[in-house]
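In: Compute the structure for the input listed below.
(2 chains)
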Amino acid sequence: MKFQLTVSSGFAKLAKIKDKDKQIEIPTTMTVNKSGERIFWQIGEEDNYFTMNIPQSSIKPNSSEKFVDDYANVANIFMHKTVDKSIIDRHLSATKEALPKIIESLNIEKVAITIQPTDSNETLKQVLQIISDFEIRNIAITNFLPLLNRPRQATTFLGTIKEQLPIDTILYLLSPIPHTFIPIFAYAGIDVFNTDFAKIAAKQSFYLTDFSGKQLDRIKELPCFCEACTSVDKITNLLKKDPQNSNSTFLEKHNKMMLAKKIREIRNAIRNQELRSYIEQMVHSNVFSGTALRLLDKYYSDLFISRTATWQTAPINHITTYSFYRPAIQGFQRRMLDRYKIPDKKKIVVIFPCSARKPYSQSKSHKKFLNTLDSLDKRKGGYIQELILTSPLGVIPRELETVYPAAHYDIPVTGDWSFEEKEIAVYQLTGVLEKAKKLKMTVIAHVSDEYIELCEETEKNLKMKFKYTSLKSKATSQISLSDLSKELSKLLEKLPPITNYSDVDKIRTIADYQFGLGIGEGLFNEKCRLRGKPRQPLLVMRERKQLGVIHQETGQLTLSIETGNVLAKKPKYHVIFEGKELQGSTLFAVGVVDADLDIRPSDAVVVLNVDKELVGVGQALVSGFDMKHMRSGPVVKIKQKV
Amino acid sequence: MDTKGIFAEQICNLREKSLRERKDRNPNKAIATWIEDDRLIKKQGKAFVIILNSKGCKWGLGKDGGCSMCGYSNETSSDITAENLIKQFLKGLEIFEKKEFQSIKIFNSGSFLDEIEIPIEAQNGILSLINDFNEVTEVIIESRPEFVQKSVLKRLKSNLNKDKELEIGIGLESSNDFIRINNINKGFLFNDFVKAVDIAIKEDIRVKTYLLMKPPFLTEKEAIDDIVQSTLVAIKLGSRSISINPVNIQTGTFVYYLWRNDIYHPPWFWSLKEAIQRIWFQINKENLENKVDRIVSDPSSSGLSRSIHNCRKCNRDFARAIQDYSLKQEAFLFDSITCSCYDLWKELIVQEEASRDFSLMKVEKAEQLL
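Out: Below is the predicted model of the structure:
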């Protein structure tokens, strides 16, 4: 049995599991199947599936069952709510003692264990310790339904599991949950769902709809065009024929389709890196999902961010308040404060409002701003730092405007900022401007209307005064632009000319954002320049030598052997592999000795051998944490070898 | 085999907690008395039922015990004398003096044969009082097997007129030792039951076996299988009466807390129906008809969420059908009940078997989740 991760997205992942001629892709479904008297689980869709035996009674720690299925569900951990901890502890030690003998003849990749919600997180942690000690990779969860009313318990339960077990652990939810809960639980890390809720609903004459469901006799028109629904001539006839029940074949077919559809939507969303957007749409089906999403954002953001790709292309449509706490957005905000500092040579900071069009410099308004700056003394342009104030990201320096998600988000703009939007913007702006205050830079707020309030708040926080150049009219108005120009000229007048390499600033700022504060200066000297044609990656050149490229779609800077060598000495974003020389173009988890915990999927990394010598540069497929803990599968795609 | 169940300490602690809140009761007044339609040994009739206020079950109050589903210890009082008990019995009879009944059933939430619980004078006294009722042909008492001893039985018989059949109800609950010890915490083995039955039969005393349907941590299907199996085993041992008791949730018990935390739910009527029909099928198949007089079930508070139930549409019909069946001993009586929840039950017992999720009642009402 082979586990191969395609992509992770927070707690969720897309992966393939192969065994001989069979292959399934998770997230997927599981259903109860019967062969004669024997009941077993069928994992996967249609013809391509694996089987798993049903869990045994939790009270008996030892069982002499013969395992005939693809997966051997070897124990049902006795950890039920209500039961005294002393009794549970006794059972746990019995299980621990019995396990080696039960699993000794089994392939560990096929071993599964059943667990359930418990009163104590300590018990859960003990159980997870046993699971990781034995390296069991398949976890079936049962008795989960009561948690559908308890989002806090549900997220803590799954969050604890996710924190303690490696990413190549597969979670199977044996309890049949409604289709409307599947998206949030997929997001919370369940990989395989019992989809027999379709049948259970059908037996209650329940017709499932995208976001809910209705008793069949309360539906006048079928809102669906699936095969089952189109086969129904008229719903009134259907109800007349059999008012009690047993429309259940039609209902079962339709309901099954509804659950299967959710699973496919989820797989597609993960594949296209749109899972978060999908979830934000889906949480509207019930209050539980909304609550659970907020709790996950609040308590597990670190782990979510670390498993979320830093560099993506999918647009972020920030429509509901849930979007404020997206891992991609939180990740950006944190990195901004950690890894961005206004360069020492700057004397003037200009704050601009954001624009709908991204990157900002492509917008009409920013073209006007840039023209105004261009018209100033060119020899003194190096003194000015542009910052763009925006919601929900906060603050973006001009140099990072092409970086994901700065160039990828959109948000409904009405002129009214919500409380959260204000809070985030002021917090970020205060953080970035602390250095401006320390080095006594002049801050010009070239903003109008609702932005003014944000700047005033920030002034209060920092106990410093900004200059306002657009108080009376719009920032793009002729008057304001000329006020800005006058103010800047006045300030620059007193300053001596300096050499300005805006390309170098941009490259270094991006490198800092990617690898850590101060790294850019070591990687790129003042001779570096950007070269490129529209819609093509920008080339980073040092004289005739190409040191990397900046991707247009993601804003990511790639590494070369030259820059990799510098980074390898830091060492930052390193992956150390067991061996001397790289074989092929992929590094696998089994070969990884160590990895930088800052690495997130899609980050550029340097690959070192055990002697800490650079052997190649590449792109991470999983987080640094996961590289260290995964047991198989590719972890780095090698782009260049030494 | 160890007779101490895995939940013993916890059950003991829970019972102590609920005993602290035990009500004070009038020692001269029985817990309850009533007249009911009843299945007599060979025909239908009426029974006088009395629940005595006693000192309580020795096992139920002991340090290893109490049973996981039993809350009867709360319906006892600590200082009850023989005199009190006889007064309780007399008073109870007084109320129904003018009514006719052919059977007397004496319950005391423990063991009638335990001298500490029911002193010898009370045992003898109560039985002697029954001799005054000419039309009474059956007397049923209850006891744990360890109190069923030859000398005790001889004494009881000597106090009761020959025209009255004495039957001892023994709570075997399940013929499976593991289930009885661990899931129920009953504290005795199947062999103890076998011995008690032997002694009783030798003394020409009848045995009624009480069986518990769906102890905690059994699935619905396992519960059905267990009841069928246990009934047949008991009949073959010589117990001519069987009483099937689906768990009902009594406040303060271990099962009560499991139920409150959604890891226990009482059985479905459909499961009881299936069990009873399977039992009779098996009896016919194995030609056991003349070894059994009655297989009854009288679930308390049936149809409520704390007890055996189906759905709102058919609970009432089913409660009536169970009663009807118990009186007439005709298993086909259930066949007249149809309800849309049958298909749901069938699906859910498969789901429960496959997942061992004891909280499936959460999906019984889809509209509450969607």
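
In: what's the distance between residue A:221 and residue A:207?
Out: Remark: distance between residue A:221 and residue A:207 (CB to CB, to the nearest Å) = 11 Å. Bear in mind the C-beta positions are built from the backbone N, C-alpha and C, glycine included.

In: Give me the more crowded residue out of those two.
Out: Each of residue A:221 and residue A:207 has its neighbours counted (other CB atoms under 10 Å in any protein chain shown); residue A:207 has more, 27 against 7.

In: can you pull the pLDDT of the closest residue in space to that one that isn't next to it in sequence?
Out: Nearest residue to residue A:207 in three dimensions, chain neighbours excluded: residue A:216, at 4.9 Å (CB to CB, 6 or more residues apart in numbering or on different chains). On pLDDT, residue A:216 comes in at 89.

In: Just confirm residue A:216 contacts residue A:209, I think it does.
Out: No - if you go by CB atoms under 8 Å, residue A:216 and residue A:209 don't touch, sitting 11.5 Å apart.

In: So between the two, which is more surrounded?
Out: residue A:216 (21 against 17).

In: okay, now residue A:249: neighbour count?
Out: Look at residue A:249: counted by other CB under 10 Å, it has 11 neighbours.

In: Quickly note the distance from it to residue A:203.
Out: The spacing between residue A:249 and residue A:203, counted by CB to CB, is 11 Å.

In: mind checking the SS state of the residue in the stretch 151-300 of chain B positioned nearest to chain A?
Out: Of all residues in the stretch 151-300 of chain B, the one sitting closest to chain A is residue B:262 (4.0 Å; CB to the nearest CB). Using DSSP: H, G, I helix; E, B strand; the rest coil, the structure places residue B:262 in coil.

In: contacting residues for it?
Out: A:143, A:145, A:146, B:358, B:359, B:361, B:362 (CB atoms under 8 Å, 6 or more residues apart in numbering or on different chains).

In: how about the nearest residue to residue A:415, chain neighbours excluded?
Out: With CB to CB, 6+ apart, the residue lying closest to residue A:415 is residue A:450, at 5.7 Å.

In: correct me, but the one you found touches residue A:414?
Out: No - contact between residue A:450 and residue A:414 fails when scored by CB under 8 Å: they sit 9.4 Å apart.

In: Give me the more crowded residue out of those two.
Out: residue A:450 (16 against 8).

In: who touches stretch B:17-29?
Out: Stretch B:17-29 is contacted from outside by B:31, B:53, B:61, B:71, B:73-74, B:76-77, B:79-81, B:84, B:87-88, B:91, B:251-253, using CB under 8 Å, 6+ apart.

In: Averaged pLDDT, that stretch. What do you get?
Out: Per-residue scores along stretch B:17-29 average to 90.

In: Just the mean pLDDT for stretch B:166-183, thanks.
Out: pLDDT averaged over stretch B:166-183 equals 97, rounded to a whole number.

In: moving C-terminal of the longest helix belonging to chain A, what's the next helix or strand?
Out: In chain A, with assignment by DSSP state H, the single longest helix is helix A:248-271. Secondary structure here is assigned by DSSP states H and E; on that basis, the next helix or strand after helix A:248-271 toward the C-terminus is helix A:275-282.

In: okay, the angle between that following helix and helix A:248-271?
Out: 140 degrees (axes from the mean of the first three to the mean of the last three CA atoms, to 10 degrees).

In: what sits up against helix A:275-282?
Out: Counting by CB under 8 Å, 6+ apart, the neighbours of helix A:275-282 from elsewhere in the structure are A:9-10, A:12, A:180, A:183-184, A:186-187, A:265-266, A:269, A:289, A:293, A:314, A:316-317, A:319-320, A:322-323, A:326-328.
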